[in-house]
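S.K.: predicted structure and sequence below. I'll ask about it afterward.
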Amino acid sequence: MTKLSVNINKIATIRNARGGTIPNVTQAAINCQKFGAQGITVHPRPDERHIRYQDVREIRPFISTELNIEGYPSQRFLDLVREVKPHQVTLVPDSHDVITSNQGWNVIKYEKFLYDVIRDLQLNGIRTSLFIETDLEQIERAAATGTNRIELYTEPYATKYPDDPANAIASYIKAAGRAVELGLQLNAGHDLSLENLRYFNQHIPGLQEVSIGHALISDALYYGLEKTIQLYLEQLT
């Protein structure tokens, strides 16, 4: 079964809108695990507009499943992950001002940089994943960096899915097949939802984990957090 990692950034966004500690992001992480999520994802950005660096430190002792920290490998970010030692770090090429991750790595251009970062993280006992698109050459170069996994950027799939699911998934099937041939494990994330998740999971061989935040937290407003997590888990069986 593909694992579900819940991204709790949006919980922090709501808290930050008013200040204070409501809703409490640590309690949200605890509850997500209690309700069946197999992991927690956080993505601290430089401006800390949702998850703060201190949140990550405070959450870490309560993660009994798996902690995945996403982010651009700035020095500050790398210092944080060396300190808290998550199970996985997902490296993303975000510039400081993007609203949300909107592209995968150009591994061909940044291969040496990524190789050095990945080696450092792995020496610290941290599994690595690269946020990447479905271009086969990029995936081949990702394997050369030594990363353990890649995370397929699924916004293009989600955008095309309502009109033509078979076309939407086609490049992902090819990308996943090539990644597996190269010995890479597969994650996926971005705009996966109750509408499109089951189809994606059924068609992608070797999918290890999906990271879902915006859609899941939005659905929780209607169904409640516990019910929503169960609905997402059902899509992955």
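M.R.: Looks like it arrived, so ask away. Residues are numbered from 1 along each chain as shown.
S.K.: in which helix or strand does the most centrally placed residue in the chain reside?
M.R.: Nearest residue to the geometric centre of the chain (Cα atoms, centre = their mean): Ser211, 4.2 Å. Per DSSP states H and E, Ser211 falls inside strand 207-212.
S.K.: all the strands of the chain, residue numbers only.
M.R.: 3-7, 39-42, 67-71, 88-91, 127-132, 149-153, 185-189, 207-212 (DSSP state E).
S.K.: buried ones in the strand holding Ser211, by neighbour count?
M.R.: By 16 or more other Cβ atoms under 10 Å, the buried positions in strand 207-212 come out as 207, 209-212. The way it works is simple: take the backbone N, C-alpha and C, and place the C-beta from them, glycine included.
S.K.: residue ranges in the chain under the pLDDT threshold?
M.R.: Low-confidence segments of the chain, defined by pLDDT under 70: 95-102.
S.K.: how does it look with 50?
M.R.: The chain contains residues with pLDDT under 50 at 99.
S.K.: can you give me the end-to-end span of stretch 219-231?
M.R.: Distance across stretch 219-231, first residue to last, is 10 Å (Cα to Cα, to the nearest Å).
S.K.: could you list the buried residues of it?
M.R.: Neighbour-count burial for stretch 219-231 flags 219-220, 225, 228-229 (criterion: 16+ other Cβ under 10 Å).
S.K.: restricted to helices, list the residues you listed.
M.R.: Judged by DSSP state H, helices contain the following of the buried residues of stretch 219-231: 219-220, 225, 228-229.
S.K.: closest to Arg82 among these?
M.R.: For these, the residue nearest Arg82 by Cβ to Cβ is Ile229; the value is 30.3 Å.
S.K.: using CSV, write out every CA atom in stretch 173-185.
M.R.: Provided in CSV are the C-alpha atoms of stretch 173-185 (Å, rounded to 0.1, in the frame of the first residue of the first chain):
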residue,chain,number,x,y,z
ILE,A,173,3.8,5.9,-16.3
LYS,A,174,6.9,6.3,-18.5
ALA,A,175,8.7,8.3,-15.9
ALA,A,176,7.9,5.8,-13.1
GLY,A,177,9.0,2.9,-15.2
ARG,A,178,12.4,4.5,-16.0
ALA,A,179,12.9,5.5,-12.4
VAL,A,180,12.4,2.0,-11.2
GLU,A,181,14.8,0.7,-13.9
LEU,A,182,17.4,3.0,-12.4
GLY,A,183,16.8,1.8,-8.9
LEU,A,184,15.0,4.9,-7.7
GLN,A,185,12.1,4.7,-5.3
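S.K.: great, nothing more from me.
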